[in-house]
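# Okay, sequence plus prediction incoming.
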Amino acid sequence: METISISTRTRTEFVEISSKVAEIVRKSKVKEGICVVFCPHTTAGLTINENADPDVQADILNSLNKLVPHNGNYSHVEGNADAHIKASLMGSSLNILIKNGGLVLGTWQGVFLTEFDGPRERKVYVEVAGK
Amino acid sequence: METISISTRTRTEFVEISSKVAEIVRKSKVKEGICVVFCPHTTAGLTINENADPDVQADILNSLNKLVPHNGNYSHVEGNADAHIKASLMGSSLNILIKNGGLVLGTWQGVFLTEFDGPRERKVYVEVAGK
Amino acid sequence: METISISTRTRTEFVEISSKVAEIVRKSKVKEGICVVFCPHTTAGLTINENADPDVQADILNSLNKLVPHNGNYSHVEGNADAHIKASLMGSSLNILIKNGGLVLGTWQGVFLTEFDGPRERKVYVEVAGK
C-alpha cells in the first residue's frame, strides 16, 4: 500500500492525482491487474472525470453545491455536513485497470480527489494487485 | 466469500457493519490486500462516512430525501422508486484496503449499509483478496 | 482485460451488460474472486440496479435529469456538462463477486452502462481476479 499526500487549497476543489497513481503502478512492476484508490477522509471523495477542460470540474462542484448547499439546515454542528453528503455521493474508492504496466484510462479521463471541506492535508491510499 | 446478515428496523437508516467486515478480514488471515463489500439488493446501498456523530448519517438521509422524495412522481408502481434511485447514488460495492491483517479506515470512517426501503432482512457479501 | 462494445441509441439510457460480463467471467475459468467493470468514458457511467421492471431505469434517469438538468447554467461549452456530472454521480467502476465461476448478483440486480450523452459507441473493460 502506497500513500499520496495532497495539500488542498480551497474549501471545494478537484485535485488531479492521475500521474501520482500511475507512478505507483509503474513502481509496483505489476503488468496486468487492478489498482484500488482509497480516500480515508469523510469530507472528501474520489472521482474519475474529464481532465481536459477545467470547466467540467467547476460544473460538477457547482452542481453538487446546488443540490447540497453549504449553508443548509443540517443537524451536524461542525458546519461541514454538506461535505460529508457530497463525499458519499462521489464515493471513497475507485478501481482502475492495469494493462502493460500502466493505468487503463479513457482519453479524457483523470483521477481526482474531490475536496469538499478544505483547505486541508489529505491522504490517498493506493493498492496494486495483479502480476 | 462471506455473508453478513442484517435486520434493518425502519424505512431508511444507516447500519454500521465495520466490525463485522473487520472480523471477516481477520479470519481470512490476509495481511495485505483488498476487501470488497457488495450489496445484492436494489433498494439499499453501501457507503463509508463518519461514524462518530450520528447526525451525519441523519443529514445524509435527509439530504437524499430532499433530492429524491419518497412520494414523488415515479413510474415504478411498487412505491419504492426513490429507494432504487438512492441505492444507485450510494453504489452497490466498496473497496477497503487491508494492511497488517486489518482494515485501513480513516479515524472517523465507518462502513455502512444504507437502507432505503426497510425494514427488511438484508445481506452483504465480503470477499478478501491478497496474501 | 476484456472489452465489451456497446452502441447506445438515444441521449440517455440504461444498457444492460450483465450477460456479457458473466460470459467473460465464465471464459476466464476463475471460480472464486472479484470482477471489476470499468467505463473509460466521462459522459457515461456504470450502475447495478433492478433489471425486472424497466420503469426503475426510467425513474433513475428522470430523477437525475431533475437534479442535473440538460439545459442548465453550465461553464463547459460542449452542451453535455450534465452528462459529466451524472457520470460522476453513478461512478466509473463496479465490483462484482465471483462464486462457482459465476457472478454473484441479487435476484433483481442487473449490470448497466448508464449513457448520458448518446447515441455513441461505448466500451466497457472487464478484469477478473481470483482462482
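Okay, I see it. Numbering: from 1, shown residues only, chains lettered A, B, ... in the order given.

# What residues does chain A have near chain C?
Proximity of chain A to chain C (C-beta under 8 Å from any C-beta of the partner chain) is limited to residues A:32-34, A:47-50, A:53, A:55-56, A:58-60, A:62-64, A:67, A:89-91, A:94-97, A:99, A:104-109, A:129-130. In this view, the C-beta of every residue, glycine as well, is placed from N, C-alpha and C.

# neighbours around the residue of chain A found nearest chain C, how many?
Closest contact between chain A and chain C, by C-beta to the nearest C-beta, is at A:Gly106 (3.2 Å). Here the number of neighbours of A:Gly106 (other C-beta atoms under 10 Å in any protein chain shown) works out to 17.

# Now narrow the residues of chain A next to chain C to whatever sits close to chain B.
A:34, A:67, A:89, A:91, A:94-95, A:129.

# Filter those down to just the ones in helices.
A:67, A:89 (DSSP state H).

# For A:Arg11, which non-adjacent residue is spatially closest?
Sequence neighbours aside, A:Gly118 is the residue nearest to A:Arg11 in space, at 5.4 Å (criterion: C-beta to C-beta, 6 or more residues apart in numbering or on different chains).

# check which helix or strand covers that neighbour.
A:Gly118 is located outside every helix and strand, with elements delineated by DSSP states H and E.

# For the closest residue to chain B within chain A, grab phi and psi.
Residue nearest to chain B within chain A: A:Pro40 (3.2 Å; C-beta to the nearest C-beta). When read as degrees, to the nearest 10, the backbone of A:Pro40 gives phi -90, psi 20.

# Surely it touches B:Gln109?
Yes. Counting by C-beta atoms under 8 Å, A:Pro40 does reach B:Gln109; the two are 6.3 Å apart.

# Overlap of the contact sets of those two?
Shared contacts of A:Pro40 and B:Gln109 (C-beta atoms under 8 Å, 6 or more residues apart in numbering or on different chains): A:Ser92.

# how about low-confidence regions in chain A?
By pLDDT under 70, chain A contains no weakly predicted segment.

# about what we covered before: and the residue of chain A closest to chain C, what is it in contact with?
Counting by C-beta under 8 Å, 6+ apart, A:Gly106 has contacts C:39-42.

# likewise A:Gly33?
Listed by C-beta under 8 Å, 6+ apart, the contact set of A:Gly33 reads A:97-98, A:128-131, C:127, C:129.

# Could you tell me which of those residues belong to strands?
A:97-98, A:128-130, C:127, C:129 (DSSP state E).

# and the two most separated of those?
A:Val128 and C:Glu127 (12.6 Å; C-beta to C-beta).

# coming back round to it: in the ones next to chain B among the residues of chain A next to chain C, which residue is surrounded by the most others?
Of those, with other C-beta under 10 Å as the count, A:Gly91 tops at 27 neighbours.

# Export the ones next to chain B among the residues of chain A next to chain C as JSON lines, with columns for distance to B:Glu23.
What follows is these, written out as JSON lines (distance: C-beta to C-beta, whole Å):
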{"residue": "A:Ile34", "distance to B:Glu23": "24"}
{"residue": "A:Leu67", "distance to B:Glu23": "36"}
{"residue": "A:Leu89", "distance to B:Glu23": "29"}
{"residue": "A:Gly91", "distance to B:Glu23": "24"}
{"residue": "A:Leu94", "distance to B:Glu23": "26"}
{"residue": "A:Asn95", "distance to B:Glu23": "24"}
{"residue": "A:Ala129", "distance to B:Glu23": "22"}
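
# Mind telling me the two of the ones next to chain B among the residues of chain A next to chain C farthest from one another?
Counting by C-beta to C-beta, the most remote pair of those is A:Leu67 and A:Ala129, 34.5 Å apart.

# shared neighbours of A:Val128 and C:Glu127, which are they?
A:33-34.

# who has more neighbours, these two?
A direct count of neighbours by other C-beta under 10 Å for A:Val128 and C:Glu127 places C:Glu127 higher, at 25 against 21.

# hang on, the earlier thing: show the buried residues in the residues of chain A next to chain C.
A:33-34, A:47-50, A:53, A:55-56, A:58-60, A:62-64, A:67, A:89-91, A:94-97, A:104-106, A:108-109, A:129-130 (16 or more other C-beta atoms under 10 Å in any protein chain shown).

# Among the residues you listed, name the ones in strands.
A:33-34, A:47-50, A:94-97, A:109, A:129-130.

# now, which of the residues you listed sits nearest A:Asn71?
Checking these against A:Asn71 with C-beta to C-beta, the nearest one is A:Thr47 at 23.7 Å.

# show me what contacts that closest one?
By C-beta under 8 Å, 6+ apart, A:Thr47 lies in contact with A:14, A:60, A:90-91, A:94, A:112, A:114, C:88, C:91-92.

# Out of the contacts of A:Gly106, flag the one nearest to chain A.
Nearest to chain A among the contacts of A:Gly106, with distances taken as C-beta to the nearest C-beta, is C:Pro40, at 3.2 Å.

# Verify the stated contact: the closest one with C:Tyr125.
Yes. If you go by C-beta under 8 Å, C:Pro40 and C:Tyr125 touch, sitting 6.5 Å apart.

# Can you check which residues contact both of the two?
Counting by C-beta under 8 Å, 6+ apart, the residues touching both C:Pro40 and C:Tyr125 are A:Val104.
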